[in-house]
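>>> fold the following and give me the result.
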Amino acid sequence: MPEISVIMPMYNAAKTVTYSIDAILNQTFKDVEVIVVDDCSPDNELEICREKYKDEPRVVLLKQDKNQGPAAARNRGIEEAKGKYITFLDSDDGMKKEGLEKMYEIAIKYDADVVHSTGRFLPVHKPEVVDMMSVPDDYCIEQVKDAGTGQEPVLLDQDYASRLKGWTTGQYNGNVWGKLIKRQFLMDNDIRFAHLKMSEDVLFSFECLMRAERYVKFPYSFIIYRLIGDSLSKGKKDIPFMIKLLESTLGGDDAFGEKMDKIPFFMEHPEYKSQVFEYIDNAMDSLYITPCYQIVGEEALRNDPRIHKIFENYFGTHAAFMERYFYIKQNAEPETPDVLGESLTYENCLKMLEDYKNGKSKI
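So this is what the prediction gives:
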């Protein structure tokens, strides 16, 4: 039985997935399995993996019956995992060679339900680069994502109100990768990914934070995250993308509400729920919805019946009022840069790297 199971959803990743798998197999920590879940990709990535890893027992290849998205793929991986601990990696990213070993040492030392690393590396590379492990160290920006990070691991106390305050002030990043989670903790608390088009990892991470008795914040970076390239969260700013954003925001509110109804802290203190909704709605607005709105424009959105339908589906008889409020609110927003989208060109990332080396980076 492996100590760590690494779960990797796979879709249209034929160029990159073997590099990501190799980054795990080449870790200094060897007692690991890689569970790769093919989400019915139209390319030949599954055949590539079957051929390359046919003699590698640590690689487990699974195929979904139909395309269901990364949430369902990760849930399938959780069910199939045999490791004591679980972590996640996307099929176009990498991880530093000692990453799993260091995370595991902390997990054992603290008997942790969750070990939460606080940073990641952002490699600056041309779009055609497919192997994140090939980017030289001096072309990687270390981004410490969590505010208030010290120098030593911290086992959090069980003051969940304090944890929530930290979450709403950016002290706990919501990415699912960069965390090592005890599988039994997930099973005992029935923690799974909600079927959302975006931010399903944020909800999963939030539930882990608000349920774990032994949650360790570890000031460490080991994930190598592809900054340049295609991503579900960096989509082209058009009406289909706005539809996905609105459905993700409204559906995310519902999903967060359902989760909080079952988390003991919120069952005892329902007055804190509003803080969660305010935080996630503001984050979706500033990072995604407002930049997309300002690029697409009010007129195009008002003239598309699919936008009206979303409001009708979620608000029923109040749809007209809520849609009108949406336009008033967005029109009042200042010009908002698309920091997670079209601005992430190779040239702009080179400038960020230069600023980082000069100690001026704000990324």
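>>> any buried residues in stretch 301-308, and which?
Across stretch 301-308, burial judged by 16 or more other C-beta atoms under 10 Å covers 301, 304, 307. (Glycine included, C-beta is placed from N, CA and C.)
>>> now do the same contact list for Leu250.
Contacts for Leu250 (C-beta atoms under 8 Å, 6 or more residues apart in numbering) come out as 310, 314.
>>> inside helices: which ones of the buried residues of stretch 301-308?
301, 307 (DSSP state H).
>>> export the buried residues of stretch 301-308 to TSV and tack on pLDDT and distance to Ser343?
Listed next are the buried residues of stretch 301-308 as TSV, based on pLDDT from 0 to 100; distance: C-beta to C-beta, whole Å:
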residue	pLDDT	distance to Ser343
Leu301	97	22
Asp304	96	25
Ile307	96	25
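>>> middle-most residue in this protein, spatially?
Per C-alpha atoms, centre = their mean, the C-alpha nearest to the average position across the chain is that of Asn175, at 3.4 Å.
>>> mind saving the C-alpha coords of the helix or strand that Glu47 is a member of as CSV?
Following DSSP states H and E, one finds Glu47 within helix 45-52. Output of helix 45-52 as CSV, limited to C-alpha atoms (Å, rounded to 0.1, in the frame of the first residue of the first chain):
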residue,chain,number,x,y,z
GLU,A,45,-3.2,10.9,-24.3
LEU,A,46,-4.4,7.7,-22.7
GLU,A,47,-2.8,5.5,-25.3
ILE,A,48,0.5,7.5,-24.9
CYS,A,49,0.4,6.8,-21.1
ARG,A,50,-0.5,3.1,-21.5
GLU,A,51,2.5,2.6,-23.8
LYS,A,52,5.0,4.6,-21.7
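>>> on contacts alone, who are the packing partners of the next helix or strand after it?
For helix 45-52, the succeeding helix or strand toward the C-terminus, using DSSP H and E, is strand 59-63. Here strand 59-63 touches strand 32-38, helix 45-52, helix 70-80, going by 3 or more C-beta pairs under 8 Å, 6 or more residues apart in numbering; DSSP states H and E.
>>> repeat that for 10 Å
Using 3 or more C-beta pairs under 10 Å, 6 or more residues apart in numbering; DSSP states H and E, the elements in contact with strand 59-63 are strand 4-10, helix 17-25, strand 32-38, helix 45-52, helix 70-80.
>>> buried ones in that strand?
Judged by neighbour count (16+ other C-beta under 10 Å), strand 59-63 contains these buried residues: 59-62.
>>> for it, list the C-alpha coordinates in CSV.
Below are the C-alpha coordinates for strand 59-63, written out as CSV (Å, rounded to 0.1, in the frame of the first residue of the first chain):
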residue,chain,number,x,y,z
VAL,A,59,1.0,4.4,-12.5
VAL,A,60,-2.7,3.6,-12.4
LEU,A,61,-4.6,4.7,-15.5
LEU,A,62,-8.4,5.1,-15.3
LYS,A,63,-11.0,6.3,-17.8
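>>> what are the contacting residues of it?
2, 5-8, 10, 18, 21-22, 24-25, 33-41, 46, 49-50, 52-54, 73, 76-77, 79-82 (C-beta atoms under 10 Å, 6 or more residues apart in numbering).
>>> from those residues, list just the buried residues.
Here, 16+ other C-beta under 10 Å leaves 2, 5-8, 10, 18, 21-22, 24, 33-39, 41, 46, 49, 53, 73, 76-77, 81 buried among those.
>>> Lys126: what secondary structure?
Following DSSP: H, G, I helix; E, B strand; the rest coil, the label given to Lys126 is coil.
>>> quick one: the spatially closest residue to it that is not a sequence neighbour from Cys49, how far?
In this structure, Lys126 finds its nearest non-sequential neighbour in Tyr346, 5.5 Å apart by C-beta to C-beta, 6 or more residues apart in numbering. Distance, Tyr346 to Cys49, by C-beta to C-beta, to the nearest Å: 28 Å.
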